[in-house]
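Q: Have a look at this prediction, sequence included:
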Amino acid sequence: MSEQIRVRMAPSPTGHLHVGTARAALFNYLYARHYGATFILRLEDTDQERSRDEFAREIVEGLEWMGMRWDEGPYVEGGEWRSRGDFGPYLQSQRTETYRTYLERLLASGHAYWCYCTKEELEAERARQQEAKQAPRYAGTCRELSGPPEGKIAQVVRFKTPGGDVTFADVIRGEIKTDAALLDDFAIAKGLDVPLYNFAVVADDIEMQITHVIRGEDHISNTPKQLLIFAALGATPPRYAHLPLVLAADRTKLSKRTSETSLLAYRDQGFLPSALVNFFALLGWHPAGDREVLSPDELIAEFTIERVQKSGAVFDEAKLRHINREHIKLMDPRDLALALRPFFAGANLSDEVLERFAAAEQGRADTLAEMAAGAAWLTSYELPGADVLDRQGGARAHLEAAAAAAASGRLESWIAPYAEEHGKKEVYWPVRVALSGSEKSPDPVSLAAVLGPEESAARLAAAAQKLQ
RNA sequence: GGCCCUAUCGUCUAGCCCGGUCAGGACGUCGCCCUUUCACGGCGAAAACACGGGUUCGAAUCCCGUUGGGGCUACCA
């Protein structure tokens, strides 16, 4: 029997759920579901200063909204934090016991030591090195100390980085080699109960039996440090796969500066979760064939780590919009109506009308918000002026005839032959404009189908009246 | 600066591992068609192997170098 594959997503609740975080989570999710692995969510909230509960909730909300269900980890139910899985707690702030144990082991075995240098001393040293155009690094002052120097108190725990090369086989990039001599004796904790990132990650990946770490390329330089800690702890490290970064249009790392980075902001703009999932998957990965519009299930079936790209991918909103439109087209009108509801918050439309609207408008706009924005004819109709209505002449008679046809629900079968006889432009224009109140709109038959016979006839009759 | 990653149309990419198709698809752009408006849709066009050396009968594919781009360089993650 082969080992159970376990992957994890480990975001830090120090800001809004970033689209880059969501995409990295997605690759873990796709990998997990494709290979039948366990998908774990772990919240890395060791930084007490920056971590906030509201951000943690946003992460959970966003990942759930995207449709990613994690097998283990924290979640929110009825406003309360809950947890599922046997390797918890899954919040690093609740795992201090574990870190303390590992830290003590490292200290006892001589793989780590207390550093008594103050922040000020370190900063001064760094400034001096930079001045001298040297690489800023820790001088190793406290490395061989056996006890605290006179009048000094312990500041941080440092890892005693050994010499030699650290090599690992990245699943996506192949062999990556680092000269450990270039690595500092980096800090791994601010105190026995205050672990720092590189150390906490390793302790947790060991404890949670993580087998594959799939994360952004920006973590490549952390990997050798983590590998060294695994070795010092006598543990077998997981396999690593470093994803290409998501880039802004100027090819720099995606940031608030250059683009909208909040996942939930895209939801609020009317992007479908399935479309975002599809789009994110295409950022650094591509299926074997030419098809690009895929459902989450199809993505899971198609996904393999071998097809993940090595170089960064630019986040192209135009493509996102296109994929969103395609996903809107594919939706069942009933589901679309449900998704549309929040965008018609103040409109007081019945489910029936909204569903007919969804069916008629599918594919005419890129986002749900834009569909709603283009629905003024439904939600805030205003009778157009006579000049707009009667642009081709003779509109009154046509409108009266149309009103009669609409009243008996026969507008659709009536209009084509009637227009054939009286002139297409002369008929279609006033009928459509009267129905929509706008110069730009869907065709009159679609409009009437959504409006229903009663409303259609009323609008048509009122327009005819106006031309009197 | 140092270390690391990376390089096919403007963008996402197929092809590369196992050298030999007019270098394929999609988005975007442009044009034409459809059409009662706006969209949708249909058809078509322009558009790329970063550069320089090798290896080879033959290189986008293999090797070396150059250049470009990016990431990391914390008592953040």
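A: Alright, I've got the coordinates. Owing to the predicted nature of the structure, the values given are computational and were not obtained by experimental measurement.
Q: just the strands in chain A please.
A: A:6-9, A:38-41, A:73-77, A:80-84, A:112-115, A:156-159, A:165-170, A:174-179, A:187-191, A:194-195, A:212-216, A:239-243, A:246-247, A:313-314 (DSSP state E).
Q: Pull the contacting residues for residue A:284.
A: A:23, A:27, A:243-244, A:246, A:308-309, A:312-313 (C-beta atoms under 8 Å, 6 or more residues apart in numbering). The C-beta positions use only the backbone N, C-alpha and C, and glycine is treated the same way.
Q: try residue A:39
A: A:7-9, A:28-29, A:32-33, A:68-72.
Q: Now the buried members of these.
A: Burial by neighbour count, judged by 16 or more other C-beta atoms under 10 Å, picks out A:7-9, A:28-29, A:32-33, A:68, A:70, A:72 from those.
Q: Same list (these) but as TSV, adding pLDDT and distance to RNA strand B.
A: Listed next are those as TSV, based on pLDDT from 0 to 100; distance: C-beta to the nearest atom of the strand, whole Å:
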residue	pLDDT	distance to RNA strand B
A:7	98	17
A:8	98	12
A:9	97	11
A:28	98	15
A:29	98	18
A:32	97	20
A:33	97	21
A:68	97	19
A:70	98	17
A:72	98	18
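Q: Looking at the residues you listed, spot the one nearest residue A:449.
A: Nearest to residue A:449 out of the buried ones among the contacts of residue A:39 is residue A:68 (C-beta to C-beta; 37.4 Å).
Q: Next up, phi/psi of the closest one, please.
A: When read as degrees, to the nearest 10, the backbone of residue A:68 gives phi -90, psi 120.
Q: Verify the stated contact: it with residue A:23.
A: No - between residue A:68 and residue A:23 there is no contact under C-beta atoms under 8 Å: 11.2 Å.
Q: re the thing from before, from the contacts of residue A:39, which is closest to residue A:110?
A: Nearest to residue A:110 among these, with distances taken as C-beta to C-beta, is residue A:8, at 29.8 Å.
Q: Tell me the backbone dihedrals of residue A:147, please.
A: phi -160, psi 170.
Q: And residue A:275, how far from residue A:367?
A: 9 Å (C-beta to C-beta, to the nearest Å).
Q: Name the residues contacting each of these two.
A: By C-beta under 8 Å, 6+ apart, the residues touching both residue A:275 and residue A:367 are residue A:324.
Q: Determine if any part of the lengthiest helix in chain A is in contact with RNA strand B.
A: Longest helix of chain A, by residue count under DSSP state H: helix A:444-466. Yes - on the criterion C-beta under 7 Å from any atom of the strand, helix A:444-466 is in touch with RNA strand B at A:444-445.
Q: Break chain A into its domains for me.
A: A:6-92+A:246-314, A:95-243, A:340-466 (automatic domain parsing).
Q: Nearest to residue A:330, out of those?
A: domain A:6-92+A:246-314 (7.6 Å).
Q: quick one: terminal-to-terminal distance for the closest one?
A: End-to-end distance for domain A:6-92+A:246-314: 29 Å, by C-alpha to C-alpha, to the nearest Å.
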